[in-house]
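In: Prediction below, plus the sequence it came from.
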Amino acid sequence: MGLSAVTAHAADAQASAARERVILVVGDSLSAEYGLRRGSGWVALLEQRLATERIAARVVNASISGDTTSGGRSRLDALLAQHKPTHLLIELGGNDALRGLPLSMTRDNLAYMARQGKAAGARVVLIGMQVPPNYGAGYTRDFAQGFRDVAAQTGAALVPFLLKDIADGPDAQRWFQADRIHPNESAHPRMLDNVWPVLRKLL
């Protein structure tokens, strides 16, 4: 192999390494396939979508059922150091609401995670959640607004509502498991469709 061929090969290898993408998903049960067959949740479907569209990327699902924004915050630095993601998807906050945690704490934790992700060189996507109206109009409004505020403050991309056209439709019950909290398998392709347009722009 001549010098020019060696140089070209090295350049190709460097370009290939530069193109490698690592998508880190830090979420709760909505991303951890709670109650589902393995491989049927939206994160697994994301891997399939990437392969279908021939986008070179590796997906790391670091989601834990029951996790809160505080839990995600405590885990994040180690995850960033271990996986060195090019893209960070933050899907947390729902369990904060279920536990009645202060909205200010949820926002602070999400903002910290977004900033840490960006500081580590990742493009950040904040995946928003909404709560049912029975939480009260003010809380429902302020909870959803928190995701928009954090995205604006940190420059993160925003998926406004992971369960759009699932939880807010006239036939919402058909998309949920018996607990009426966790989406069933048929809902997860829709969840991916809510995330994909925002993520695709960053890939």
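Out: Arrived safely, thanks for sending. Residues are numbered from 1 along each chain as shown.

In: top strand in the protein by residue count?
Out: Longest strand of the chain, by residue count under DSSP state E: strand 21-27.

In: helices or strands up against that strand?
Out: Judged by 3 or more Cβ pairs under 8 Å, 6 or more residues apart in numbering; DSSP states H and E, the packing partners of strand 21-27 are helix 42-52, strand 57-61, helix 69-83, strand 87-91. All C-beta spots, glycine's among them, are computed from the backbone N, C-alpha and C.

In: now, of those, which is deepest in the fold?
Out: Greatest average neighbour count among these goes to strand 87-91 (a mean of 26), per mean count of other Cβ atoms under 10 Å.

In: Could you list the residues in contact with it?
Out: Here strand 87-91 makes contact (Cβ atoms under 8 Å, 6 or more residues apart in numbering) with 21-28, 30-31, 57, 63, 72, 80, 110, 113-114, 117, 120, 122-127, 129, 156, 162, 195, 199, 202-203.

In: Give me the pLDDT for residue 132.
Out: Here, the pLDDT recorded for residue 132 equals 85.

In: what's it in contact with, if anything?
Out: 140, 167.

In: same check, this time on residue 70
Out: Applying Cβ under 8 Å, 6+ apart, the residues contacting residue 70 are 96, 101, 105, 109.

In: Considering those, which possesses the most neighbours?
Out: Of all those, the highest neighbour tally under other Cβ atoms under 10 Å goes to residue 96, namely 26 neighbours.

In: Distance check, that residue against residue 103.
Out: 8 Å (Cβ to Cβ, to the nearest Å).

In: thinking again about what came up before, tell me which of the helices and strands packed on strand 21-27 lies nearest to residue 191.
Out: helix 42-52 (4.1 Å; Cβ to Cβ).

In: any idea how far the closest one is from the chain center?
Out: Offset of helix 42-52 from its chain centre (Cα atoms, centre = their mean, to the nearest Å): 13 Å.

In: re the thing from before, tell me the angle the longest strand of the chain makes with helix 42-52.
Out: Strand 21-27 and helix 42-52 are oriented at 160 degrees to each other (axes from the mean of the first three to the mean of the last three Cα atoms, to 10 degrees).

In: hang on, residue 27 packs against residue 66?
Out: No: assessed by Cβ atoms under 8 Å, residue 27 is found out of contact with residue 66, at 11.1 Å.

In: Which two among the contacts of residue 70 are spaced furthest apart?
Out: 101 and 109 (9.3 Å).

In: who touches residue 32 in this structure?
Out: Per Cβ under 8 Å, 6+ apart, neighbours of residue 32: 41, 61, 63-65.

In: if we can go back for a sec, list the buried ones in the longest strand of the chain?
Out: 21, 23-27 (16 or more other Cβ atoms under 10 Å).
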